[in-house]
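1. Build the 3D model from these lines:
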Amino acid sequence: MTVNLSSYLITHTTHPVWGKLPAILEAFEKYPDAEWVWWLDIDAIIMSPDTDLYTSFLSPSIVQSKLVQGESILILDDTHTPVRSGLLTTVCTPWCVKVDK
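-> Below you'll find the model as predicted:
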């Protein structure tokens, strides 16, 4: 699913980044059987041919383990500094409600 952040009212008076929240809620509404949403900014670049994203970050067991334990899912650079990666994972909870554009 691609998203036009300017279609959300909140982005008309605030920074466009705030449009991510209603977009994620809309994704859960549009795909009611989805348990997770993985947000990836359009300008993000995934580069590391030696690292398999699924086995390193996205397998359900890794994601569940980290989130149940309250750990963040971070991408670190070679100096172990978190990278502003433009990705976000979120789980659907009862808090997810109908989103008005």
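2. count of neighbours near W39?
-> Other residues within reach of W39, judged by other CB atoms under 10 Å, total 15. (Each C-beta comes from the backbone N, C-alpha and C, glycine too.)
3. can you tell me the helix or strand for it?
-> Taking DSSP states H and E as the criterion, W39 maps to strand 36-40.
4. Just the C-alpha atoms of that strand, please, in CSV.
-> Output of strand 36-40 as CSV, limited to C-alpha atoms (Å, rounded to 0.1, in the frame of the first residue of the first chain):
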residue,chain,number,x,y,z
TRP,A,36,1.5,-6.0,11.7
VAL,A,37,2.3,-3.0,9.5
TRP,A,38,5.9,-2.4,8.4
TRP,A,39,6.3,1.3,7.4
LEU,A,40,9.2,2.0,5.1
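5. Could I get the buried residue list for that strand?
-> Judged by neighbour count (16 or more other CB atoms under 10 Å), strand 36-40 contains these buried residues: V37.
6. So for that strand, mean pLDDT?
-> Across strand 36-40, pLDDT averages out at 79.
7. ok, A27 touching M1?
-> Yes. Here A27 reaches M1: they are 5.7 Å apart, a contact under CB atoms under 8 Å.
8. When the two are compared, which one has more neighbours?
-> Taking other CB under 10 Å, A27 and M1 do not tie; A27 has more neighbours (20 against 9).
9. OK, contacts around that one?
-> By CB atoms under 8 Å, 6 or more residues apart in numbering, A27 lies in contact with 1, 3, 34, 37.
10. just I62 next, same as before
-> Contact analysis of I62 by CB under 8 Å, 6+ apart lists S56.
11. ok, it to Y54 distance?
-> When CB to CB, to the nearest Å is the yardstick, I62 and Y54 sit 9 Å from each other.
12. what do you get for A34?
-> Separation of A34 from Y54 (CB to CB) stands at 17 Å.
13. These two: which has the busier surroundings?
-> When A34 is set against Y54 and neighbours are counted by other CB under 10 Å, the residue ahead is A34, at 14 against 9.
14. and T79, how far is that from P16?
-> T79 is 30 Å from P16, where distance means CB to CB.
15. Same drill for those two, tell me which one is more crowded.
-> Counted by other CB under 10 Å, T79 and P16 do not tie: P16 has more neighbours, with 12 against 5.
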